[in-house]
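A.B. asks: sharing a model that was predicted from the sequence below.
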Amino acid sequence: MTGDRQQDSNTGAITSRRRVLAAAALAPMLTAAGPAAARALPTGMGGPGHGRLVKPVPTGLADWAGVARALGRTGNMLGGTTYHTAFPRRDLHVVSDGVVVTPGLALGTHVGFVRYADGSTMLMGDVVVTENELQWVTDAWQAHGIEQTALHKHLLAQTPDIWWTHVHAHGHDAVALARGLRAGFDRTGTPPALPPGRPVPVDLDIAGMEAVLGAKGSIEDGLYKIIFVRRETIADGHLILPPGLGSTSAFNFQPLRGGRAALSGDCVMLADEVPHVLKALRRGGIKLVELHNHHLAEDPRLFFTHFWAVGDGVELARAVRPAVDATNVVPSG
């Protein structure tokens, strides 16, 4: 009995410590954020698995007109709840493993805004910055209440040195959040938006790749992409994430002629799935790049691994299929 009480005491201490850490992770948004963002944050925020969970609400493009003006470009709706805007780094000439990396493969900044039933808005994104830009953009975001939840790599041995940083903010003034985000972008070489171009043919055996992966993909900016989403409901703090926001497995294939491709992407995993996915990728000859988190207070806890490979498109699809099968995901859409 004494041992049981001691174990219960230890478990309670660990749980308490996790709550403190979760609160500490959110504290900078409440205290160090810019005045508008700090006042906008709602009270009574619960940690993972605690408190009142709040659902996203449907929105349309008209609801985000002010955000579009603040960001300086228009976006699009995903799933009826997420306002998405892309900022491809077409200004960068990046080479990794002898491959000239296109913006769509691994140089695409993406940000999403979601409105919630309590009237608040959450901002999440993954931003591409050069090593020279990183500290400057970080200072700008910190001055405007935009938090960073990850700093990592998507590519191995790339030139020039590129970093990817995840951003997060939450408040009742979506335009203020967008302005804070824009303050960081203005300290980078991110180029202005271009009008949509003509579709580019993709020299890959798409039918064969889809047959192997058991999912349909899409062609965007001359790349072939397949996305999977977690089956579970994911919450970030007290906010339920729309399916696919910050919790996807994405496989991006850049054609290299003759059916060959460069593969870059990431898998989303629960903790007990991580070793199985990493082993599956290595057995398939896929290079591991990064293992990290995208969030600070999500439930269930998620991990992400970025990977890289070059080879025949169908063979690459066959190599990553066991990693997909080791996770609790379904094809997007």
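C.D. replies: Good, I have the coordinates. Just so it is clear, the structure is predicted and the values come from calculations on it, not from any experiment. Numbering: from 1, shown residues only.

A.B. asks: so what does the closest residue to Val94 other than its chain neighbours look like in phi/psi?
C.D. replies: Counting by Cβ to Cβ, 6 or more residues apart in numbering, Val94 lies nearest to Val101, which is 4.5 Å off, once chain neighbours are set aside. For the C-beta atoms, the positions are set from N, CA and C on the backbone; glycine is no exception. Here is the backbone geometry of Val101 (degrees, to the nearest 10): phi -80, psi 120.

A.B. asks: which residues touch Val101?
C.D. replies: Val94, Val95, Leu107, Leu155, Gln158, Gln254, Ala262, Ser264 (Cβ atoms under 8 Å, 6 or more residues apart in numbering).

A.B. asks: make it 7 Å
C.D. replies: Residues near Val101 by Cβ atoms under 7 Å, 6 or more residues apart in numbering: Val94, Val95, Leu107, Leu155.

A.B. asks: tabulate those (a markdown table), appending secondary structure.
C.D. replies: Compiled in a markdown table, the contacts of Val101 are given as follows (DSSP: H, G, I helix; E, B strand; the rest coil):
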| residue | secondary structure |
| --- | --- |
| Val94 | strand |
| Val95 | strand |
| Leu107 | coil |
| Leu155 | coil |
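
A.B. asks: can you tell me which two in those residues are farthest apart?
C.D. replies: Greatest spatial distance among those (Cβ to Cβ): Val95 and Leu107, at 11.6 Å.

A.B. asks: which of these two has more neighbours?
C.D. replies: Set Val95 next to Leu107 and count neighbours by other Cβ atoms under 10 Å: Leu107 wins out with 23 against 13.

A.B. asks: so where do the strands sit in the stretch 101-250 of the chain?
C.D. replies: 108-115, 121-130, 147-152, 162-171, 218-220, 223-230, 235-236, 239-240, 248-255 (DSSP state E, counting those that start in this stretch).

A.B. asks: comparing those, which gets the lowest mean pLDDT score?
C.D. replies: The weakest mean pLDDT among these belongs to strand 218-220, with a mean of 92.

A.B. asks: and that one, what's buried?
C.D. replies: Neighbour counts over strand 218-220 (16 or more other Cβ atoms under 10 Å) mark Ile219 as buried.

A.B. asks: just checking: what are the partner strands of it?
C.D. replies: Partners of strand 218-220 in the sheet, by DSSP bridges, are strand 223-230 (antiparallel).
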